[in-house]
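K.L.:
all I have is the shape, not the residue letters:
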C-alpha cells in the first residue's frame, strides 16, 4: 500500500490504497517510514517525491484500524514515522491532490516543497474528534502561519482549500490538477540535479534552530493524544465518525 521506486536521482514514494482513499493503516505507517529512511540512506537518491494520485493524497488515518491498534508511543509503527520524517537529510517534495486530512496534512509540515492541485482539500479535524493535533503541528503551524491563522485551522478543524493552505504557508504553489505530478516531479528532479552536499547542509542549517523543539512537541502531543483517546468525548466522536462512514452509499 506504499510503493517506492527510484530513477534519475529521485525516489518516488506513493500511497497506493485508492479504494480506501489512501487511508493510512498501522502497517502503512511503518512502510512509509521505512521507504523514506531507505531513500534517505541511498547514495543514488538526491530527492524524494511523496504523492498519491492527482485525485487523492490521503484521507488520513484508517479510523477502524486506528481504534483497533491505537498508537502506543515510542517503538510503535506510528512512532517510527515521527522519528524518521522530520529528520530526513534529503529534500522531500509532496504532490497533493484531493484530500489531505489529519496526518495527511500534518506530514506536509515536514516536507521541503509542497505542490497542491486546485482540487486539494485539507483538514485538521483533531479537535472535532475529541483529540489533539499531532506530528509537531502545534509548534510548526503557528511558526508558518502565525498564531491566529493556525488557531483557525487547528481549533475549528474545518476543511480548507489549496489557496488557504498556500496563505498559511503549508503549500509552496498551487497548480492545476492535470499538471500536479509533472510540476512536483520537475521540482524533485531539479533538486536532485543540484549539489547534494549543499542541499544537505542548507536543509540542516534551516532546521537546526528548532529540531529539538519539534521532537519535544511531537512527544508531548503524542502523550496527550493517547490520553485523549480514552476520554468519553473522543470515543463518542470517533464512533460517530465510523457510523457515518459505514452509512455512506457503497460501503
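P.N.:
Yep, it's here. Quantities reported herein were computed from a predicted structural model and do not represent experimental measurements. Residues are numbered from 1 along each chain as shown.
K.L.:
looks to me like residue 48 is in a strand.
P.N.:
Yes. Residue 48 forms part of a strand when assessed by DSSP: H, G, I helix; E, B strand; the rest coil.
K.L.:
what's near enough to touch the nearest residue in space to it that is not next to it in sequence?
P.N.:
Spatial nearest neighbour of residue 48, excluding adjacent residues (CB to CB, 6 or more residues apart in numbering): residue 92 at 4.4 Å. C-beta coordinates here come from the backbone N, C-alpha and C atoms, glycine included. Residue 92 sits next to 36, 47, 48, 49, 50, 85, 110, 111, 112, 113 when contact means CB atoms under 8 Å, 6 or more residues apart in numbering.
K.L.:
please redo it, this time with the cut-off set to 6 Å
P.N.:
48, 50, 111, 112 (CB atoms under 6 Å, 6 or more residues apart in numbering).
K.L.:
one more: residue 102?
P.N.:
Residue 102 neighbours (CB under 6 Å, 6+ apart): 60, 61.
K.L.:
again, 7 Å this time
P.N.:
60, 61, 124, 125 (CB atoms under 7 Å, 6 or more residues apart in numbering).
K.L.:
repeat that for residue 156.
P.N.:
Contacts of residue 156 (CB under 7 Å, 6+ apart): none.
K.L.:
tell me how far it lies from residue 108.
P.N.:
19 Å (CB to CB, to the nearest Å).
K.L.:
and what of residue 46?
P.N.:
For residue 46 relative to residue 108 (CB to CB), the value is 21 Å.
K.L.:
got the confidence number for the closest residue to residue 218 other than its chain neighbours?
P.N.:
The spatially closest residue to residue 218, leaving aside those adjacent along the chain, is residue 136, at 4.8 Å (CB to CB, 6+ apart). We have a pLDDT of 97 for residue 136.
K.L.:
give me the low-pLDDT residue ranges for the stretch 101-250 of the chain?
P.N.:
246-250 (pLDDT under 70).
K.L.:
swap in 80 and give it another go.
P.N.:
The stretch 101-250 of the chain contains residues with pLDDT under 80 at 244-250.
K.L.:
which parts of the helix or strand hosting residue 207 count as buried, going by neighbours?
P.N.:
Per DSSP states H and E, residue 207 falls inside helix 196-208. Using 16 or more other CB atoms under 10 Å as the test for burial, helix 196-208 gives 196, 199, 203, 207.
K.L.:
go on, stretch 70-81?
P.N.:
In stretch 70-81, counting by 16+ other CB under 10 Å, buried: 71, 76, 77, 78, 79, 80, 81.
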